[in-house]
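S.K.: Below is the sequence, then the predicted model.
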Amino acid sequence: MVPTTGPIPRRPVRPPSPSTPSFFSVDRFEGRLTGHSSRPSWEAVVAYDGGEAAGYAYAAALPQNTGWWAHMLQPLPEADTTEDGTRTLALFEIMVRAPWRGTGLAHRIHEELLAGRTEERVTLLVEPGHPKVKALYEGWGYQHIGDQQPFPDAPVYTTMLRALRSDGSPSVGRS
């Protein structure tokens, strides 16, 4: 199975139910996906096993006027949050379907997505209720730099950052 670029299957991230918070609804996910995919730097990787989608990830560079850092619970120094449209890649989604979890596929998709990117760093958000996922990302070189709540109805997320350039440092807190 080789990660390839291609269309992302439009299936719910979580099965809808009457108790699903609106932030996690299919409509809200599709709205975020539409916004993210309209960015010129947007890129996606989809892994297929035969003809079946096994997982995907997508990302885009943060634009100059991004609100990404504005929702940090403890603000970061301005030098760490200034964006120019080429500095920071935001990894918005990474998902592997249940039959392929624990196989290393998520890491392969992740690395394929980052291969050839020119940004200096990559950021992502993790729900704090998923400590194993956070530990996985730390194993991939990410560092916890704070927490944020990107929307009023969203959970508080752990904000993580990883360097993409060869010096190995994500540049936060080094201003």
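M.R.: In hand now; what should we look at? Numbering: from 1, shown residues only.

S.K.: so how far is stretch 82-89 from its chain's centroid?
M.R.: On the basis of Cα atoms, centre = their mean, to the nearest Å, stretch 82-89 sits 15 Å off its chain's mean C-alpha point.

S.K.: For that stretch, measure first residue to last.
M.R.: This stretch, stretch 82-89, spans 13 Å end to end (Cα to Cα, to the nearest Å).

S.K.: Give me the contacts around that stretch.
M.R.: 41, 59-64, 66, 68-69, 114, 117-123, 164 (Cβ atoms under 8 Å, 6 or more residues apart in numbering). C-beta: built from backbone N, CA, C; applies to glycine.

S.K.: ok so residue 54 is a strand residue?
M.R.: Yes. According to DSSP: H, G, I helix; E, B strand; the rest coil, residue 54 belongs to a strand.

S.K.: which residues touch it?
M.R.: Per Cβ under 8 Å, 6+ apart, neighbours of residue 54: 1, 47, 48, 96, 97, 99, 100, 105.

S.K.: try it again with 10 Å
M.R.: For residue 54, the contacting residues are 1, 3, 46-48, 95-101, 103, 105, 109, by Cβ atoms under 10 Å, 6 or more residues apart in numbering.

S.K.: Report the buried members of those residues.
M.R.: Neighbour counting by 16 or more other Cβ atoms under 10 Å classes 3, 46, 47, 95, 96, 97, 100, 105, 109 among the contacts of residue 54 as buried.

S.K.: Kindly export stretch 124-136 (C-alpha atoms) in CSV.
M.R.: What follows is stretch 124-136, C-alpha atoms only, in CSV (Å, rounded to 0.1, in the frame of the first residue of the first chain):
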residue,chain,number,x,y,z
LEU,A,124,-1.2,20.5,14.4
LEU,A,125,-3.9,20.2,17.1
VAL,A,126,-4.6,17.2,19.3
GLU,A,127,-7.5,16.7,21.6
PRO,A,128,-6.0,16.4,25.1
GLY,A,129,-8.3,13.3,25.7
HIS,A,130,-6.0,11.4,23.4
PRO,A,131,-2.7,11.1,25.2
LYS,A,132,-1.6,8.2,23.0
VAL,A,133,-2.0,10.3,19.9
LYS,A,134,0.0,13.2,21.5
ALA,A,135,2.7,10.7,22.4
LEU,A,136,2.7,9.4,18.8
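
S.K.: Secondary structure element for the residue nearest to the spatial centre of the chain, which one?
M.R.: With distances taken as Cα atoms, centre = their mean, residue 91 lies nearest the centre of the chain, 2.5 Å away. Using DSSP states H and E, the element containing residue 91 is strand 88-96.

S.K.: cool, and residue 125?
M.R.: According to DSSP H and E, residue 125 maps onto strand 121-126.

S.K.: circling back to that earlier point, which of the contacts of residue 54 lies closest to residue 146?
M.R.: Nearest to residue 146 out of those is residue 95 (Cβ to Cβ; 24.0 Å).
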